[in-house]
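Asks: predicted model, plus sequence, below.
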Amino acid sequence: MLEVTDLSLKYGQSQILYDVSMTAPVGQVTTVMGTNGVGKTSLLRALSGRHGYSAGTITLNGDVLNHPTAAQAAKAGIAYVPQGREVFPMMSVAENLETGFACLPKGERHVPDWIFDLFPVLAEMQHRRGGDLSGGQQQQLAIARALITKPRVLLLDEPTEGIQPNVIQQIGRAIAQLRERGDMAIILVEQNVDFAWRAADSFVMMKRGAVWRSMAKSDCTREDVVAALAL
Ligand SMILES: Nc1ncnc2c1ncn2[C@@H]1O[C@H](COP(=O)(O)OP(=O)(O)OP(=O)(O)O)[C@@H](O)[C@H]1O
């Protein structure tokens, strides 16, 4: 379980996140929603050690992560799939995947079969350059690269952005399978309401850098989510 308590974040003098608290249980998809610029990406950047936070606590399975760097967060088991994917364009698919090995002990540095089962296209395209893949294939590669690190928490930043509908379905199925594995907490930042509704176990609604409502999917309807976004 990942627990975030009263997290605040600034860019220079501008405060962007205000006392954000949320929990992300293992085996569940916790979906963070909110309009453009509310701070969703900044939250994931703080959780993944990509940007420091000015106050608050991040706890993973009871252990406090004390302002981790990106490398420390990755080692602790937090994997981040950034918006825009950040695939290395000149490196092959296999080489992109291998960049995930850095956090693993030497004996575990291989791509497990289940990752290729999840994204078969990556097995077929191992020798293609990352930059030659379609947007959807790059998204699958970015998720696979994160999974190689054996994460306890998977952070997904708008995985459907700019992706064709048939690939969106594949990514939705992959997230459902990862949830079923029951060995990681998944935090999904998403603006596509239909996708978010299908994937989520719970919703964290953000407004102006703060959480203003958290709700379990079992306690709300899709219309509640749409209404919460519009407020
Ligand atoms: N590096 C930065 N320096 C200064 N301000 C930033 C920086 N990155 C983001 N911001 C600002 O912080 C606020 C929150 O941005 P953030 O990207 O976290 O929001 P978001 O909810 O993820 O938005 P989107 O849905 O558009 O990705 C915005 O006002 C943005 O302009």
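Replies: Good, I have the coordinates.

Asks: need the helices for this structure, in chain order.
Replies: 40-47, 70-76, 93-98, 113-118, 120-124, 135-147, 165-181, 193-199, 222-230 (DSSP state H).

Asks: and of these, who's closest to the ligand?
Replies: helix 40-47 (3.2 Å; C-beta to the nearest ligand atom). Using the backbone N, CA and C atoms, a C-beta is placed for each residue, glycine as well.

Asks: can I get that closest one in CSV, CA atoms only?
Replies: Output of helix 40-47 as CSV, limited to C-alpha atoms (Å, rounded to 0.1, in the frame of the first residue of the first chain):
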residue,chain,number,x,y,z
LYS,A,40,-1.8,15.3,-11.5
THR,A,41,1.6,15.0,-13.3
SER,A,42,3.3,17.0,-10.5
LEU,A,43,1.9,14.4,-8.0
LEU,A,44,3.3,11.5,-9.9
ARG,A,45,6.6,13.4,-10.3
ALA,A,46,6.8,13.8,-6.5
LEU,A,47,5.9,10.1,-5.9
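
Asks: helices and strands around that helix, which ones?
Replies: Helix 40-47 sits against strand 2-11, strand 14-24, strand 29-33, strand 78-81, strand 153-157, strand 185-189, with contacts defined as 3 or more C-beta pairs under 8 Å, 6 or more residues apart in numbering; DSSP states H and E.

Asks: now it: average pLDDT?
Replies: Helix 40-47 shows an average pLDDT of 98 in the prediction.

Asks: wait, does it contact the ligand?
Replies: Yes: judged by C-beta under 6 Å from any ligand atom, helix 40-47 and the ligand are in contact via 40, 41, 42.

Asks: how about low-confidence regions in this structure?
Replies: Nowhere does the chain drop to pLDDT under 70.

Asks: for it, which residues are neighbours of the ligand?
Replies: 11, 16, 34, 36, 37, 38, 39, 40, 41, 42, 83.

Asks: what would those residues look like in TSV with neighbour count?
Replies: Supplementary listing: the residues of the chain next to the ligand in TSV, determined by neighbours: other C-beta atoms under 10 Å:
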residue	neighbour count
11	9
16	22
34	22
36	6
37	11
38	21
39	23
40	24
41	20
42	22
83	15
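
Asks: could you work out the most separated pair of these?
Replies: 11 and 34 (17.4 Å; C-beta to C-beta).

Asks: now for the closest residue to residue 142 other than its chain neighbours: which residues touch it?
Replies: Leaving aside its sequence neighbours, residue 142 sits nearest to residue 85 (C-beta to C-beta, 6 or more residues apart in numbering; 4.2 Å). Shown in contact with residue 85 (C-beta atoms under 8 Å, 6 or more residues apart in numbering): 135, 138, 139, 141, 142.

Asks: just the buried ones from those?
Replies: Listed as buried from the contacts of residue 85 are 138, 139, 141, 142; burial here means 16 or more other C-beta atoms under 10 Å.

Asks: list the buried residues for stretch 121-134?
Replies: 121, 122, 125, 128, 129, 130, 133.

Asks: from the chain's centre, how far out does stretch 120-139 sit?
Replies: Put simply, stretch 120-139 sits 20 Å off its chain's centre (C-alpha atoms, centre = their mean, to the nearest Å).

Asks: and the end-to-end length of that stretch?
Replies: 13 Å (C-alpha to C-alpha, to the nearest Å).
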